[in-house]
Every structure is written in C-alpha cells, then in structure tokens.
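>>> Below: sequence and its predicted model.
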Amino acid sequence: MGNDHRRPLQREGVLFFGDVIAGLSHELSNVFNIINEIAGLQQDIVGGAQPESAGVANRLTELAGRIKAQVERGETFNQFLHSLAHSVDDANIAFDLGDTLELAGSLAARPARLARVELVVHRPESPVTLVGDPFALLLTIFGSIEVVLDAADSERRVEVNAAPHGDWARLFITSADPLPPGVVDEVAALEIGRLSWGAAHTLDPPPPEPPRRIILDVPAVAPALKATADDKGQEDPDGN
Amino acid sequence: MDDLRLLFVDDEKELVSAVVERLELRGIDGVGATSGDEALDHLREGSFDVVVLDVKMPGTGGLEVLRTINRRHPEVKVILMTGHGSAKDSEIGRRLGAVAYLEKPVDLEDLLTTVDQAVNPEGNGPDGQ
C-alpha cells in the first residue's frame, strides 16, 4: 500500500483537531464566564458590607479584581485558540491578512517570550483581502517568524509588517540581528507557502551582506484557485 | 430600571444563578432559565420586558426561542448572546428582530447598558439612541 491515504487522512486530521479545539475553546469560555460572574457577585456583595468590616471587604474586592484580570487574560488566550481552530475550516476562503498576522503573532508570543525577544506584529494600515487557505498561510508566517526569532539575540526585537504590493501582499519579518547563512534553506513552512500559495521568499539585504529580514510575497489569490476561476471564465466568456 | 423584569437564559446553571443574583442586588427583577423550553414556560406564566438569550443551547436553541417569542410575545425585547466569532448567528438573530447582540463573555455593566437602550430606545443611552 502506498501513501495515497495520507493526504485525506491529514486533511481529515486537521479538520478533526479544528473541530475538537473549537468545542473545547467554547467550553473554556463558559468556565471563564462563570468565574468572572462569581467574582463580580463577590464584589457586589462585599460592596454592600458593613463599615466595621471594611478591611476584609476591601481585601475581598481586591482579590475578586485579580481573579477577573486573570479571567480576562485567559479569555484572550482562548480567543486565539478559537481563531486557530477555525483557521482550518475552509481551504478556499476570502480573509483579512491582518487577522492571520495577528493570530501568528499571538501564537509566536510564547516562543518569543521564552527567547526573551520582543516580538512586535503590525497589522497592515488598511485591510488586505486574500483568497486561499488561511491555515497554510498561518503556518508559513508562523514558521518564518520562528526562524527569525531563533536567530535573534536575547533582549532584541523582531518586527512583522505587511502591505499590499500590486496584486500581491508583501510581508517583512525583520530582526535587529543578522540571520545566519542558510537560515531559510530547510524551513518546511516556506515550502508550504510556496506549494499552497505560490508564495516567494527573499532575504534582504542580498548576499554578500548578512540578511536581517525575510521578505515574503503572497499573491492575493492562491494560484490553484485562480486557475480554477480562470477555467470557469473560459467556459463562460461572459463571466456569468 | 427599577420596574424592569428580565429573563436571563443560558444553559450554564452557575452562570444563570450568579447573574440573577447580581441583577437582584441592583434592584432588577431577574429570573433565570437554563434551557429554551424553561424560558418559554416562564414567558407563558408571566410577563417580561427583556429576554437575554444564549444562542447555542442544547435542545431548543436561542434562535428557535426567539422565533417563538416573536409569534407569542412580540412586545418582549430580545438580546442575544453568542460565542466569539459567531457572526452568522448574530446576523440571523438581527433579521429575526433581536434588538441587540452581545459577544460572550458578557460584562454585566455592558449588559445593563444594552438592556437600558433596549427598553428606552428614545432615552439616554450612551449613544443617545
């Protein structure tokens, strides 16, 4: 038996993970919601306490505030989890590059923190709509950020920017430190970007200068989808 | 909002109980329900100004309850609560006549502001609506 079963298995596997994580994220959200309301109720009750117990009341109010702050933090992580889960829903969809960039940055925040590197992700100044597989693009961007993070020295900064570039979007993943030679040669994420999006990457500045950033060019419409649309156009010259 | 009667519907019992108690501490007559069917029972038995309704519940879901409220209790204002990123549900809810849609987790003060705007559309809400 060959490996023909791998592709549907992988696609189904990704959909399974997405589905399960989305469900768990929903349940987590309910838990946060309940903790938040119970802490709020505690604040309300303590707010009506007698003046002679003001010391304890103030302490309980402060603790409830701290619980709520942690709930808010947890809910932020949970929203990233939710967005990640739904990024696999549709491999042919229009979406905003800014959302994917933000999600990639959020997922890379922990590796950045562990590497003691400041990661700053900027959304494009205006929405940039892309059509294709958002999960494949997320992997490509995340992998590119990881490569640059690995090369950055501690206490340094890595920035991610993006802007429209004709019919393409251009992304810059920039390090304050030079990237080592051959840094992108075996990065699977860039290969995923090339295969799924026709994305091209270059290092800047070009040799012999040591590069400091990866430039990633991504077409507004993934080539496979564009070809399908073009075929349909040929079948129907009026484009109806 | 002293005379307000509010029905809060969510399948999470602990959430409903905490919210109802917080409403009562603010002088609002709050009633809780943990299913769509229980909510419809409450609506049959008494009158409410506002129903705050979770969209996704086991059994009779929020949108189905909203349709029934539209038929049987058209005077009641309905505020929907949906999970993060459930834009489709909120759009359907709006079309069905929900006065507002809040994304969970819902802050109680935001909820009360929305309720105030729902029952006093010409009043002094933050947006002057």
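It's in.
>>> C-alpha only now, for contacts and for neighbours.
OK.
>>> any idea how far residue A:72 lies from chain B?
Counting by C-alpha to the nearest C-alpha, to the nearest Å, the gap from residue A:72 to chain B is 9 Å.
>>> any idea which element that residue lies in?
Taking DSSP states H and E as the criterion, residue A:72 maps to helix A:54-86.
>>> Show me what secondary structure element comes after that helix.
That would be, after helix A:54-86 and using DSSP H and E, strand A:93-96.
>>> got the contact list for the spatially most central residue of chain B?
Chain B has residue B:52 as the residue nearest its centroid, 0.9 Å off, counting by C-alpha atoms, centre = their mean. With contact taken as C-alpha atoms under 8 Å, 6 or more residues apart in numbering or on different chains, residue B:52 is in contact with B:6, B:7, B:8, B:9, B:78, B:79, B:80, B:81.
>>> quick revisit: any idea of the mean pLDDT for the helix holding residue A:72?
Taken as a whole, helix A:54-86 has a mean pLDDT of 89.
>>> who does it touch, helix- and strand-wise?
Under the contact criterion of 3 or more C-alpha pairs under 8 Å, 6 or more residues apart in numbering or on different chains; DSSP states H and E, helix A:54-86 touches helix A:6-47, helix A:97-114.
>>> lowest-pLDDT helix or strand in chain B?
Sorted by mean pLDDT, DSSP states H and E, the helices and strands of chain B end with helix B:87-95, the least confident at a mean of 78.
>>> could you give the mean pLDDT of the helix or strand following that one?
The helix or strand immediately downstream of helix B:87-95 is strand B:100-103, counting by DSSP H and E. Averaged across strand B:100-103, the pLDDT comes to 90.
>>> Around chain A, which positions in chain B sit nearby?
Listed as neighbours of chain A in chain B under the rule C-alpha under 8 Å from any C-alpha of the partner chain: B:12, B:14-15, B:18-19, B:21-22, B:25, B:83-84, B:104-106, B:108.
>>> I'd like those residues as a markdown table, with secondary structure and neighbour count appended.
As requested, those are exported to a markdown table (DSSP: H, G, I helix; E, B strand; the rest coil; neighbours: other C-alpha atoms under 10 Å in any protein chain shown):
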| residue | secondary structure | neighbour count |
| --- | --- | --- |
| B:12 | coil | 17 |
| B:14 | helix | 17 |
| B:15 | helix | 23 |
| B:18 | helix | 20 |
| B:19 | helix | 22 |
| B:21 | helix | 21 |
| B:22 | helix | 22 |
| B:25 | helix | 15 |
| B:83 | coil | 22 |
| B:84 | coil | 17 |
| B:104 | coil | 19 |
| B:105 | coil | 20 |
| B:106 | coil | 15 |
| B:108 | helix | 15 |
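>>> tilt between the helix holding residue A:72 and helix A:6-47?
Helix A:54-86 and helix A:6-47 are oriented at 160 degrees to each other (axes from the mean of the first three to the mean of the last three C-alpha atoms, to 10 degrees).
>>> in helix A:54-86, what counts as buried?
Buried residues in helix A:54-86, counted by 16 or more other C-alpha atoms under 10 Å in any protein chain shown: A:57, A:60-61, A:64-65, A:67-68, A:71-72, A:75, A:78-86.
>>> just to revisit the earlier point, who wins on neighbours among the contacts of residue B:52?
residue B:78 (28 neighbours; other C-alpha atoms under 10 Å in any protein chain shown).
>>> is it true that that one touches residue B:48?
No. The pair residue B:78 / residue B:48 is not scored as a contact, 10.2 Å apart, by C-alpha atoms under 8 Å.
>>> sorry, back to before: for the least confident helix or strand of chain B, give me every contacting residue.
By C-alpha under 8 Å, 6+ apart, helix B:87-95 touches B:55, B:63, B:66, B:80, B:82, B:100, B:101.
>>> Regarding the fourth one, what is its secondary structure?
By that I understand residue B:80. strand (DSSP: H, G, I helix; E, B strand; the rest coil).
>>> Next, work out how far apart it and residue B:61 are.
Going from residue B:80 to residue B:61 by C-alpha to C-alpha, to the nearest Å gives 11 Å.
>>> doesn't the residue nearest to the centre of chain B fall inside a strand?
Yes. Per three-state DSSP, residue B:52 lies within a strand segment.
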